[in-house]
Structure formats: structure tokens, C-alpha cells
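>>> Fold the following, please.
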Amino acid sequence: MNPLLPKQYFVPDVEARQWADGRIYLYGSCDISGDTTYCSEEYHVFSSADMRSWVDHGVSFRSEEGHADPKARLYAPDCEYRNGLYYLTYCGSDHSEGIATSPHPYGPFTDAYGVTGADGDGIDPAVLVDEDGAVIYFWGQFELRGARLRDDMSGIDSDTLVKPILTEAEHGFHEGASIRKRNGLYYLVYTDISRGRATSLAYATSARPLGPYTKGGIIIDNTGCDPETWNDHGSIALFNNQWYVFYHRSSHASRFSRRVCVEPITFNADGSIDEVEMTTQGASGPLDATRKLEAFQACLLSGQVRSQSVPPDARGNTWSEHLTLIRSGDWVAYKYLDFGGGVSSFRARAGSLAYGGTIEVRLDSPDGPLVSTCEVPYTGGWQRWQTLAAPMMQAVSGVHAVYLVFTGRPHRLFDLDSLWFA
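Reported below is the predicted structural model:
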């Protein structure tokens, strides 16, 4: 279910890798909730055996352990395995490009050094150990560069340098390259700005690791995940014989506080990838409609509505998140819920310090069939939650997208904590 990690983790720019132990590992940046600057000064590694339960392996690398500015923000990393070591490729807000190593996929990564020939020249490294043992390294923003690394992994072999491989003008390349190989074809996945914002992940293919590459199309676009979303960055990965696209969504009506999400993808016979949509279900398939959903797990938000985090406090409350600043005409979507043979009522947990309002429950689109109407009263506070119930107006079965459309006076209506059907 999306977002993929527990709600207290804000991890964008994810490279996903399944290693020999069968687990899938996520290597990404770490945003700070509520911050207005991308990333932080540390990385964490997460792993899972089933993409449902995740282990945070703790801090795997810090800026101060790098080779350059000890206070630089750490941007998107990557990781590859070679000759008994895991190589973390990292970069920083000071344009540093470096490598650190560990005998373990989760780190800690140590003995950091700069990548000669690329260090100081850009951001967002991507690395691939090819079948012939060659190590291919990509980096850059607006214009992608690539080269083979020397055998000792200390820097690029300048005789193999190719630039540009992708450009913003020709390919929509903004940043965030990621490299994979499938059936003899090399796939460069990258942040694409051709739709006006850098919210898409596109791919380009080549029969050779350093190109030339031909743009294939968009894999996913996170437009609509948040009122202020600006960028996307991720990867494709094979896990237990299924390919997935890992991407991120912003939250809190900001370009920051980004979280990793995932969707399954398929390859056509010609190797192309069709565009997929953002969902709440992610890799798990349609969700049981009677299961309580946290409202912030909406995959689409329209209007002023946005998510808001509440960190733990001294009273023992755990990290929580809800939808806030809801106004009349706003709506949110959850894709997809399985109603089975039917349900009898809609339930919501909401709070209002004003007049309250109405939740219209609609199927498959914001103006789709109206199946329930739930009135939210004044409860004495925006997060003074009250559980509400409304009967279904018609029978609903099978799998549907659920849209909640909010109506009421032209003011802030209420906050929404959770929803489910009974």
C-alpha cells in the first residue's frame, strides 16, 4: 500500500535492488518532515521480504563521513554489488560524487572517496555492473553523462566518457538517472520535464550501455499527488519475478516531505513500458473496502486539501497524519477498493472547529455515481475526532476507485483522519 514505508519516513529518490538474500533493499535520500530544503545529511537503508513489512537498518552513511563538505545535503544515491562488496554511490548539494563501501547491503558504508572525473560535476549517480564485469557510471542534471569506471572503481575511464547521453531539449531529461538491463536492452529511467513539470519518470533504451539512447515514453507521472508537487525520481526493479516502478510523491502542500511509492509495471513484447497510474493500493492489489484507510493515503488530491503530519509528543501519541484545510469543491481519490459482495455503510473519522460540511462518496470519478452522503458536524476542534456513519444509497460490489467530494460553506470545513466501509 502507498506510501510504501511507515508514515514517519520521508524517503524519495529510491533505487530498489533485490540482492542474493532474496530481500529487496531501498536506497534513497531522507527528507525532513516540514523542511523546505531537499534531503538531509544522512541516508537510511530499508529492506523487506514481501514489500509489506519493512526494516529500517538505521543510518547507513552521513555527510561527515564523505570526502567533501561535511554539512552538504545528501542527494540521490545508488548501490551495486561487486566482488564481495556493496558500493554506495552518493552525491551532495556541493556537487560531490563519491563512493563508499560495505560488506553488507545495508551498510554502514565507509572509506568514502571521490569519483575522479565526475566529482564536482553534478548530482544523482547511477551505476550498473554489467554481465562482462564492466562498471558503467552515469551522473548529471539537465545533461546526462556516462562512462566506464576504472577497474579499481576510483574514477571514470575518460576514454569512454560520453556526453551528452540525454538532454533536456531532446529527451526531457531533468535529473535522476537510473540504469537497469533487461533481455539485452539497457533502460535509463529518469526525471522527465517534458510535461511542464519534473513530475514524470520516463525511460530511454539502447542496445549499448553508453548509447545512443532512444526515448521510449513516460512510466508514471505524480501530478495530482499534492497541490505543490514539483519533481519525481525513482527506478524500476525486478522483485520475485515482477517488475515495479518506484517513485515518490510530495506531501504537506510542498515540494518536499517526499515519500516512496510503488506500482507494478509490465513490458510489452517489443520491450516498451506502458504508463501506469498512481494508486493507493500500490503493489498489494485492490484493498478490502472494510479495512480502515488513513485519509492521507489518498493517491489524488484536488483543491486546497493537503496532508498534515503530527509528530510524537510527550503524552505518548505516535506519529499521525491527516487531511486538512478542506474546502468546498475539494476532492480526494483512493484507488482501488474491493467491495466484495457489498457493504451497508460508509464510516469516517473527522473533526471540525467551524460549521462542518458534507462528504459525498462517489465511484470511479469526482462526478461518478453518488453512493453515500456523510454529514460532518462541529466537533469542538479540527483534530477532535468523531466517528461518523452514513448508509449506502445504492448497492456497491466489485472493485472501484472511491472519490470523496467535500461540500459546504465557502470556508474551511473539517479535517479528515480516516475512512472505511462497513
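>>> Chain neighbours aside, what residue packs nearest to Y244?
Spatial nearest neighbour of Y244, excluding adjacent residues (C-beta to C-beta, 6 or more residues apart in numbering): V262 at 5.1 Å. Yep, even glycine has a C-beta here, placed from its N, CA and C like the rest.
>>> Look up which residues are beta-bridged to the one you found.
Here V262 sits in beta bridges with F246, as judged by DSSP bridges.
>>> Double-check it against A283; I have them as touching.
Yes: with contact defined as C-beta atoms under 8 Å, V262 reaches A283; the gap is 5.2 Å.
>>> Please identify which of those two sits among more neighbours.
Comparing V262 with A283 by other C-beta atoms under 10 Å, the one with more neighbours is V262, at 26 against 19.
>>> Give me the common contacts of V262 and A283.
Residues within reach of V262 and of A283 at once, by C-beta atoms under 8 Å, 6 or more residues apart in numbering, are 51, 244.
>>> Which strand or helix spans A237?
In the assignment (DSSP states H and E), A237 maps to strand 235-239.
>>> Using the three-state scheme, assign the residue positioned nearest the centre of the chain.
Computing the C-alpha centroid of the chain and ranking residues by C-alpha atoms, centre = their mean puts H248 first, at 1.9 Å. Applying DSSP: H, G, I helix; E, B strand; the rest coil to H248 yields a three-state assignment of strand.
>>> Excluding chain neighbours, give the residue nearest to it in space.
Closest residue to H248 in three dimensions, ignoring its sequence neighbours and counting by C-beta to C-beta, 6+ apart: P12, at 3.8 Å.
>>> so what's that neighbour scoring on pLDDT?
If you check P12, the pLDDT there is 98.
>>> show me what contacts it?
Taking C-beta under 8 Å, 6+ apart, we find P12 in contact with 28-29, 31, 39, 76, 233, 248, 258-260.
>>> As a check, name the ranges of all strands in the stretch 301-422 of the chain.
Listed in chain order, the strands found in the stretch 301-422 of the chain under DSSP state E, counting those that start in this stretch are 306-310, 320-324, 331-338, 345-351, 357-363, 370-376, 386-391, 399-407, 415-421.
>>> before we move on, what about the stretch 1-150 of the chain?
Counting by DSSP E, counting those that start in this stretch, the segments of the stretch 1-150 of the chain that form strands are 15-18, 24-27, 42-48, 55-62, 78-82, 85-91, 97-102, 110-114, 126-129, 135-139, 143-148.
>>> So for D159, which of those sits nearest?
Minimum separation from D159 across these (C-beta to C-beta) falls at strand 143-148, 8.5 Å.
>>> Quickly run through the sheet partners of that closest one, with directions.
When pairing is defined by DSSP bridges, strand 143-148 lines up against strand 135-139 (antiparallel), strand 162-167 (antiparallel).
>>> Distance from the chain centre to that strand, please.
Taking C-alpha atoms, centre = their mean, to the nearest Å, the mean C-alpha location of strand 143-148 is offset from the chain mean by 25 Å.
>>> Can you report how many residues neighbour the closest residue to C79 other than its chain neighbours?
Sequence neighbours aside, Y27 is the residue nearest to C79 in space, at 4.8 Å (criterion: C-beta to C-beta, 6+ apart). As a burial measure, the neighbour count of Y27 was computed by other C-beta under 10 Å and equals 28.
>>> What residues are bridge-paired with Y27?
Counting by DSSP bridges, Y27 forms beta bridges with E15, V45.
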